[in-house]
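# Prediction below, plus the sequence it came from.
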Amino acid sequence: MTERPRILLTGWFSFLHGEATAGDVLALERVQEALRGAGLDHDIAWSPGFRPEGPSLAEVRPEDYSHLVFVCGPLHGPQLEELHGRFAHCVRIAVGTSVVDAASPAVTGFHRVVARDAPRTEPRPDLSAGAPALPSRPVVGVVLTHGQREYGARRRHARVAEEVTRWLAGRDCARLELETRLDVHDWRLCATPAQLEAVLSRLDLVVTDRLHGMVLALRAGVPALAVDPVEGGAKVTAQARACGWPALVPAEHLDASVLDHWWTWCATSGRGVAREIAEGFRGGTGRDGARELLGVLEAGAGQ
């Protein structure tokens with residue numbers, strides 16, 4: 001009876017100074033799906049910088065495995081050559097990889113290479129394309145400021161940014177850093193308000209400590225979890241009141257439980273409230289300073 005293989009899955013996501021990309025991890029999930037379907041048990045070696053819970057390459061015992069599978073990425077460099085040496089007794093297979101130099105020891109060290117692309121071979125689709133479908137995740141725009149020196153000793157901007165971003169890192173969401181500043185020369189920034197609004201309107205939520213981060217999100221009908229970075233409240237608080245928007249956290253009351261509360265509200269009831277506010281903006285039902293300006297100008301013209 002043939003002994004069942006004992007498989008260790010590795011990749012660039014396994015090396016201490018390697019790189020874990022979304023494509024690499026999806027490719028890994030496709031391989032795991034295939035192995036599970038065949039009833040083959042396996043372990044994964046993770047980089048401690050990416051998955052501290054491990055197990056890491058340094059922790060696994062090579063003698064516990066009969067097969068080493070390297071998933072995705074290019075086959076090159078000393079890290080792969082060291083892998084061949086440490087797991088010399090294993091059957092070593094590369095799958096979904098790119099071969100740059102077929103004569104490289106990083107390539108020839110494998111017993112079999114099932115490449116996605118290699119010289120003089122027909123390319124295969126990348127493994128990530130066939131990975132299992134993923135659950136939907138909210139897309140969150142993050143609009144923070146580190147300026148506003150005019151508030152002097154009341155500024156809490158650095159602490160707000162630190163706490164908000166640390167909290168956001170623990171949320172299961174796709175984060176998109178945005179800037180309300182426009183620039184016609186920097187491709188990373190929007191050049192017109194219409195471009196920024198096109199982005200905002202496609203988001204599920206905006207997290208911001210900026211007045212216009214909140215207002216422009218609401219204008220697009222998107223709920224905004226706003227934090228006022230000025231102790232005692234300033235223009236963000238005033239504008240939330242003017243817009244009738246409740247999801248506001250004062251800097252002095254900022255903590256994870258408060259942010260969690262407003263996150264849940266924004267993701268549920270807040271959606272409808274944000275749409276109603278946007279409709280009010282479009283319908284001109286708000287009382288902004290433009291009409292008063294006209295009144296001042298008309299009064300002045302009659303003098």
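In hand now; what should we look at?

# Just say helix, strand or coil for the residue lying closest to residue 112 once chain neighbours are set aside.
Distances taken as Cβ to Cβ, 6 or more residues apart in numbering place residue 93 nearest to residue 112, at 4.9 Å, with adjacent residues excluded. C-beta: built from backbone N, CA, C; applies to glycine. Under DSSP: H, G, I helix; E, B strand; the rest coil, residue 93 falls in the strand class.

# where exactly do the helices run in the stretch 51-200 of the chain?
Applying DSSP state H, counting those that start in this stretch to the stretch 51-200 of the chain gives helices spanning 78-86, 105-108, 157-169, 193-200.

# neighbours of the residue nearest to residue 112, just the number please.
Neighbour count of residue 93, defined by other Cβ atoms under 10 Å: 17.

# Likewise for residue 281?
17.

# what's the distance between the residue found closest to it once you drop the neighbours it is linked to in the chain and residue 88?
Counting by Cβ to Cβ, 6+ apart, residue 219 is the residue found nearest to residue 281 once chain neighbours are left out, at 5.4 Å. Taking Cβ to Cβ, to the nearest Å as the measure, residue 219 falls 63 Å from residue 88.

# Repeat that for residue 198.
Residue 198 is 55 Å from residue 88, by Cβ to Cβ.

# The helix or strand residue 236 falls within - contacts with which helices or strands?
Using DSSP states H and E, residue 236 falls within helix 235-243. In terms of contacts (3 or more Cβ pairs under 8 Å, 6 or more residues apart in numbering; DSSP states H and E), helix 235-243 is packed against helix 211-219, strand 224-228, strand 248-250.

# same question for the last one, mean pLDDT?
Summarised as a single mean, pLDDT over strand 248-250 is 98.

# cool, the second one as well?
Throughout strand 224-228, pLDDT has a mean value of 97.

# packing partners for that strand?
Where contact means 3+ Cβ pairs under 8 Å, 6+ apart, strand 224-228 is packed against strand 205-208, helix 211-219, helix 235-243, strand 248-250, helix 256-267.

# between the helices and strands packed on helix 235-243, which gets nearest to residue 58?
strand 224-228 (40.3 Å; Cβ to Cβ).

# got the buried residues for the closest one?
224, 225, 226, 227, 228 (16 or more other Cβ atoms under 10 Å).

# Show me the shaky parts of the protein.
1-2, 285-286, 301-303 (pLDDT under 70).

# So residue 56 sits against residue 48, correct?
Yes. Between residue 56 and residue 48 there is a contact at 4.8 Å, judged by Cβ atoms under 8 Å.

# Give me the common contacts of those two.
Counting by Cβ atoms under 8 Å, 6 or more residues apart in numbering, the residues touching both residue 56 and residue 48 are residue 16.

# The two - which one has more neighbours?
residue 56 (18 against 15).

# show me what contacts that one?
Counting by Cβ under 8 Å, 6+ apart, residue 56 makes contact with 14, 16, 45, 46, 47, 48.

# And for the closest residue to the first one other than its chain neighbours, the neighbour number?
Think residue 14. Spatially, and ignoring its direct neighbours in sequence, residue 14 is nearest to residue 45 (4.3 Å; Cβ to Cβ, 6+ apart). If you count neighbours by other Cβ under 10 Å, residue 45 ends up with 22.

# got it, and residue 21?
Using other Cβ under 10 Å, residue 21 is surrounded by 15 other residues.

# Does residue 184 touch residue 191 like I think?
Yes. Contact criterion Cβ under 8 Å: residue 184 and residue 191 qualify, at 4.6 Å.

# more neighbours, those two?
residue 191 (13 against 9).

# unless I'm mixing things up, that one is touching residue 179, no?
No. Counting by Cβ under 8 Å, residue 191 stays clear of residue 179, with 11.9 Å between them.
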